[in-house]
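>>> 3D model of this:
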Amino acid sequence: MVNAPTPCHHPLVEQPRLTDLALAPDGTRLVAAVQTLDDEGTRYVSEPWEVDPAGEREARLVSGSVPGDFAPVFSADGSLLFLSERGPHEPPGAALWALPEHGEAERTAHHPGGMTALTAASHASTLAWTAALLRTFSLNCTNL
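Okay, here's the model as predicted:
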């Protein structure tokens, strides 16, 4: 078989992947989204890790994060914002969550169908996100 996995395939697939970097406006915090394989080895799951920009402390999992948190950005006030599908009681699709430096994550916005990407202005209270949402239409089949 031409596309059969080689002996090098599994070690490469199992390596964590860095997907996003977010630097706080004051430059003191750096958060990286890192994808790893889930327990079944069937899909990648993202988690935010805080990395010391000065290189003096070890990297650590962001306190209060859960598997599936992705697209980290910092708001102008220094809060960490990210997208996540957290829990069965939330509407379907990724929502916008805010995690202050000390405290618990709080859902701050949701878009029908979920959000897919996020960005924040570094010196203003402005956010932009994209969302996958199909428009609904109705067709009058009698005129076709």
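>>> This protein: strands as residue ranges?
For the chain, applying DSSP state E gives strands covering 17-23, 30-37, 44-51, 60-61, 70-74, 80-84, 95-99, 106-109, 115-120, 127-131.
>>> Between these, which one is closest to Pro11.
Nearest to Pro11 among the strands of the chain is strand 30-37; the distance by C-beta to C-beta comes to 11.7 Å. From N, CA and C alone the C-beta is placed, and that goes for glycine too.
>>> Mind checking the strands of the chain for the one nearest to His10?
strand 30-37 (10.1 Å).
>>> Including distance to Pro11 and mean pLDDT, could the strands of the chain go into CSV?
Listed next are the strands of the chain as CSV, based on distance: least, C-beta to C-beta, whole Å; pLDDT from 0 to 100:
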stretch, distance to Pro11, mean pLDDT
strand 17-23, 13, 92
strand 30-37, 12, 93
strand 44-51, 15, 92
strand 60-61, 23, 91
strand 70-74, 24, 94
strand 80-84, 29, 93
strand 95-99, 33, 91
strand 106-109, 37, 90
strand 115-120, 30, 89
strand 127-131, 34, 86
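>>> Rebuild the ones you listed as a markdown table, extending it with mean neighbour count.
Converted to a markdown table, those look like this (neighbours: other C-beta atoms under 10 Å):
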| stretch | mean neighbour count |
| --- | --- |
| strand 17-23 | 15 |
| strand 30-37 | 18 |
| strand 44-51 | 18 |
| strand 60-61 | 10 |
| strand 70-74 | 23 |
| strand 80-84 | 24 |
| strand 95-99 | 20 |
| strand 106-109 | 13 |
| strand 115-120 | 18 |
| strand 127-131 | 13 |
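>>> Quote the end-to-end distance of stretch 36-51.
End-to-end distance for stretch 36-51, by C-alpha to C-alpha, to the nearest Å: 17 Å.
>>> Could you tell me how far that stretch lies from the centre of the chain?
11 Å (C-alpha atoms, centre = their mean, to the nearest Å).
>>> How about residues contacting that stretch?
13-14, 16-17, 19, 29-35, 59-62, 65-70, 72, 80, 82 (C-beta atoms under 8 Å, 6 or more residues apart in numbering).
>>> if I look at the most centrally placed residue in the chain, how far off is Leu81?
Nearest residue to the geometric centre of the chain (C-alpha atoms, centre = their mean): Phe70, 1.0 Å. Distance, Phe70 to Leu81, using C-beta to C-beta, to the nearest Å: 11 Å.
>>> Cool, thanks, talk later.
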